[in-house]
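Peer 1: predicted model and sequence below, questions to follow.
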Amino acid sequence: MAENTIFEKKENHLPVIAIVGRPNVGKSSIFNTLIGRRLSIVHEQSGVTRDRVAAPVIHKNCRYQLVDTGGLGTLIGEKKGVDMWDMCIAEQVKAAIEGANVLIFTVNVQEGVVMLDESVAQAIRTSGLPVIVAANKADNEFLKKNAVEFTRFGFKTIVPVSSLHKSGMHELLDAACSAIDREKLVQNDEGETLDRPYRIAVAGRPNVGKSSLVNAILGEDRVIVSEHAGTTRDAIDIDFVIKNRDGEERPATLIDTAGLRRRGKVDTVVEYFSTMRSQNAIENADLVIFMVEASLDGATAQDKTIATMIQKSGCACVIAVNKMDLIPSGTKRKELEDELHYTLPGMSYAPVVYISVKERRNIDELLNAVVDVADETSMRIPTSVVNKVILDAYHNHTPPVVSNSPLKIYYASMIGTAPPKFLIFVNQPKYCADNYLTFLKNTLRNAFDFSGSPIEIELRARPKKVMSFHDPKRNAPSSRPQSAKKRAARARSKQSAKKRGKK
């Protein structure tokens, strides 16, 4: 791992259940069913899942980590004609098995035992871990009976399941959980509240170095890296702990995303789903590490599209300019930064860090920027201080007149964080020019050092003063002369009536 004390990989104290098997037997379908959401990409094409995809699961008041793996598509000892992806996937599966407590060996009951199943069984048998055989695609009673065929592998527990009909899943988890040592179980007490991790997504166009950066931070080959664009398909979550400047720890999740290509170049269903997962990761992130390539020409057209996506999400951002080792020596960094800000004008709020993942250069500087931005986005400013900054800016810089009416600012306060959100009461929001609203945002950013985070300002018309029903002034006697005369006349008439009655 990069030598720093700010980002630390979180040790997983949850027991791990890994799903393994040959390609296209339904591992990702079972994984999505067990976690209750679509996280792994599911497609009839084999080899779709490449990296390890993990998610927590709560079953019978206990918590586990469930891991989906790619399909093992080669026989043991087979070397001739082995695809590069098969080798990479095999390494990922090996790492998953080494970190697991229980294995769910997935097979296809409709196809029966095939040679690859026997090869996978032989590989996982040497691990010494408890193995539960999930006989998938057992969609009817006849197919469920055929699951007995897989007893030849020597594993005691065989559970017929159907990822299509969502049947047998509880029995599968029961069997897997019962194989875990009771001492390793983590109880999920009712009413327990877990801190939501700070989500950090690594985004950018294909082959810009996103997965290499993730591996550089981790210090291990957690995700597959190759020179081929489109290597990463799923959004991969890795648990982390962030330490701020005071040493306080905060749970975080680092997310490696698939490269975002232009919409016209997305030509397969798998790539379409990969793009959707990357967009969702950006929308749900608290901060995005936006990776671009170092270039004298600044950002590309696709970089601008991704930047717009980040701006619309409202999350914080740090720009990582990678491949600085390819820039000619003698090039001034200010020239690169000026060109980058010129081509990405909407990202002027994001700090820029120049790195070289290949040479492991400035990785710590990037992580420091991430932590600083994370701290700033959660900062709350007292209302009195916000009022003073806004009103001083208003008095020192008169707003332009819109619709023949001047803008008047009465009151301001901070109403939200991540991103920072402010409420300003004015006479009419339509009287505020766009450039003056930008001026107010820059004023707040400079005053409170909100670098890396977009600032939202809500302009609201000040409500008219309405007298309360319980206001003492409401029931006070009126001082109008006409009303006083009428009351005096009524009083005299009452007195004269009493005198006539006595007589």
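Peer 2: Yes, it's here. Note that this is a predicted model, so its numbers are computed, not measured.

Peer 1: CA atoms for contacts and neighbours, from now on please.
Peer 2: Fine.

Peer 1: which residues in the stretch 51-200 of the chain form strands?
Peer 2: Along the stretch 51-200 of the chain, the stretches classed as strands by DSSP state E, counting those that start in this stretch are 53-59, 62-68, 102-108, 131-136, 157-160, 186-187, 198-204.

Peer 1: kindly reformat these as CSV containing mean neighbour count and distance to Val401.
Peer 2: Output for the strands of the stretch 51-200 of the chain, formatted as CSV (neighbours: other Cα atoms under 10 Å; distance: least, Cα to Cα, whole Å):
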stretch, mean neighbour count, distance to Val401
strand 53-59, 19, 54
strand 62-68, 21, 59
strand 102-108, 25, 69
strand 131-136, 28, 70
strand 157-160, 21, 73
strand 186-187, 15, 63
strand 198-204, 26, 41
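
Peer 1: can you flag the weakest of the ones you listed by average pLDDT?
Peer 2: Comparing mean pLDDT across those, the weakest is strand 186-187, with a mean of 57.

Peer 1: show me the shaky parts of the stretch 101-250 of the chain.
Peer 2: Scanning the stretch 101-250 of the chain for pLDDT under 70 picks out 182-195, 222-235, 245.

Peer 1: leaving out chain neighbours, which residue sits closest to the residue most central in space within the chain?
Peer 2: Geometric centre of the chain, nearest residue: Ala285, 2.8 Å, by Cα atoms, centre = their mean. Nearest residue to Ala285 in three dimensions, chain neighbours excluded: Arg199, at 5.0 Å (Cα to Cα, 6 or more residues apart in numbering).

Peer 1: I'd say that neighbour and Ile289 touch.
Peer 2: No: Arg199 lies out of contact with Ile289 (Cα atoms under 8 Å); the separation is 10.8 Å.

Peer 1: sorry, back to before: relative to Ile180, which of the strands of the stretch 51-200 of the chain is closest?
Peer 2: strand 102-108 (6.8 Å; Cα to Cα).

Peer 1: what helices or strands is that closest one leaning on?
Peer 2: Identification of packing neighbours for strand 102-108 by 3 or more Cα pairs under 8 Å, 6 or more residues apart in numbering; DSSP states H and E yields strand 16-21, strand 131-136, helix 169-178.

Peer 1: could you check the angle strand 16-21 makes with the second one?
Peer 2: Between the axis of strand 131-136 and that of strand 16-21 there is an angle of 50 degrees, by axes from the mean of the first three to the mean of the last three Cα atoms, to 10 degrees.

Peer 1: can you list the strands that strand 131-136 pairs with?
Peer 2: strand 102-108 (parallel), strand 157-160 (parallel) (DSSP bridges).

Peer 1: kindly reformat these as CSV containing distance to Ile17.
Peer 2: Shown next, in CSV, are those (distance: least, Cα to Cα, whole Å):
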stretch, distance to Ile17
strand 102-108, 5
strand 157-160, 15
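
Peer 1: for Leu437, find the nearest of these.
Peer 2: Closest among the strands paired with strand 131-136, using Cα to Cα: strand 102-108, at 56.6 Å.

Peer 1: residues in contact with the closest one?
Peer 2: 16-22, 25-27, 97, 113, 117, 121, 129-137, 176, 179-180 (Cα atoms under 8 Å, 6 or more residues apart in numbering).

Peer 1: CA atoms of it as PDB?
Peer 2: Extracted C-alpha coordinates of strand 102-108, given in PDB (Å, rounded to 0.1, in the frame of the first residue of the first chain):
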ATOM      1  CA  VAL A 102     -16.700 -21.000   3.100                       C
ATOM      2  CA  LEU A 103     -17.000 -21.700  -0.600                       C
ATOM      3  CA  ILE A 104     -20.200 -21.900  -2.600                       C
ATOM      4  CA  PHE A 105     -19.400 -24.100  -5.600                       C
ATOM      5  CA  THR A 106     -21.900 -23.300  -8.300                       C
ATOM      6  CA  VAL A 107     -22.800 -25.900 -11.000                       C
ATOM      7  CA  ASN A 108     -25.400 -26.200 -13.700                       C
END
